[in-house]
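J.: Test case, fold it:
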Amino acid sequence: MSKLLLVRHGDTESGSTLRYWGQSDVKLSAVGLKQAERLRDRLATEKIDAIYTSNLQRASVTAKVIASNHQSNVITCDELNEVNFGKVEGLTFDEVSRLYPEVAKLWVSRSLSLEFPDGENFEKFNNRVSKFLSRLEKHALEETILVVAHAGPLRLLVCHLLGLELRHWRQFRLDLASLSIVETYSQGAILNLLNDVSHLG
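T.: Model prediction:
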């Protein structure tokens with residue numbers, strides 16, 4: 001068995017958690033740094049063999065804080081970056097609905113044909129994230145691997161690992177600084193923990 005620790009980054013300085021920041025490289029807020037420290041303490045007793053993160057600083061800084069208790073190097077991966085929202089970056093859903101009503105309609109319906117103006121479409125996003133799976137395949141079954149990223153890529157990874165249809169990818173709630181755990185075996189994977197934030201209490 002290998003254990004995958006899936007962590008969403010902490011709170012950011014973006015000014016509003018209701019805005020879609022995608023590949024905008026916003027920083028962790030003071031609250032986000034404290035959340036990362038809580039994650040560090042939560043995972044202090046885990047034997048972590050490898051740490052992967054998005055190269056966006058809200059994820060990579062979260063990963064580095066957690067890594068301070070471990071010997072593993074933090075490896076940044078473009079595959080784990082959040083979706084590129086294009087012209088939708090930094091907007092709220094209300095603003096998207098007003099400026100790009102067709103995009104909002106497809107978004108609400110969870111359509112896999114969704115494409116963000118001047119950004120990524122779902123197929124390109126999924127193909128990018130899927131490439132990360134080849135990194136995981138190089139690890140031995142008994143290893144524990146930490147992945148620090150964003151809600152979008154983590155949801156896709158859960159779908160791929162569990163063999164779920166991609167139309168379900170937005171039916172997982174992953175809060176800021178949450179921990180989810182997937183155990184992988186030669187015959188498949190098991191979701192052992194989802195969206196746990198008990199360490200923030």
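J.: going forward, measure contacts and count neighbours with C-alpha atoms only.
T.: Fine.
J.: Could you pull up phi and psi at the residue positioned nearest the centre of the chain?
T.: Nearest to the mean C-alpha position of the chain, by CA atoms, centre = their mean, lies residue 150 at 2.6 Å. The main-chain torsion angles of residue 150 are listed as degrees, to the nearest 10 and equal phi -120, psi 170.
J.: again, but for the one 10 residues further on
T.: Torsion angles at residue 160 (phi, psi; degrees, to the nearest 10) stand at phi -60, psi -40.
J.: swap in residue 108?
T.: Backbone phi and psi, for residue 108 under degrees, to the nearest 10, turn out to be phi -60, psi -40.
J.: just the strands in the protein please.
T.: Under the criterion DSSP state E, the chain contains strands at 2-8, 50-53, 74-76, 144-149, 179-185, 188-196.
J.: Give the bridge partners for the closest residue to the residue nearest to the centre of the chain other than its chain neighbours, please.
T.: In space, not counting the residues next to it along the chain, residue 150 is nearest to residue 8; the distance is 5.2 Å by CA to CA, 6 or more residues apart in numbering. Note on residue 8: beta-bridge partners residue 149, judged by DSSP bridges.
J.: circling back to that earlier point, could you double-check that the residue nearest to the centre of the chain sits in contact with residue 82?
T.: Yes - in this structure, residue 150 is within contact of residue 82 by CA atoms under 8 Å, at 5.7 Å.
J.: joint contacts of the two?
T.: Here residue 150 and residue 82 have residue 54 as joint contacts, going by CA atoms under 8 Å, 6 or more residues apart in numbering.
J.: what is residue 50 paired to in the beta sheet?
T.: Those that pair with residue 50 in a beta bridge, by DSSP bridges, are residue 145.
J.: can you list contacts of stretch 82-89?
T.: Contacts of stretch 82-89 from elsewhere in the structure, counted by CA under 8 Å, 6+ apart, are 19-24, 54, 96, 116-120, 125, 149-153.
J.: and with 10 Å instead?
T.: 19-24, 54-56, 59, 91, 95-96, 99-100, 103, 115-122, 124-126, 128-129, 149-154 (CA atoms under 10 Å, 6 or more residues apart in numbering).
J.: What's the end-to-end length of that stretch?
T.: Taking CA to CA, to the nearest Å, the first and last residues of stretch 82-89 lie 11 Å apart.
J.: Please apply the same query to stretch 105-112.
T.: Taking CA to CA, the span from the opening residue of stretch 105-112 to its closing residue is 12 Å.
J.: residues making contact with it?
T.: In contact with stretch 105-112 (CA under 10 Å, 6+ apart) are residues 93, 96-97, 101, 103-104, 113-116, 121-123, 126, 166-171.
J.: in terms of contact, does residue 69 touch residue 51 like I think?
T.: No - Residue 69 is not in contact with residue 51 according to CA atoms under 10 Å; the separation is 12.0 Å.
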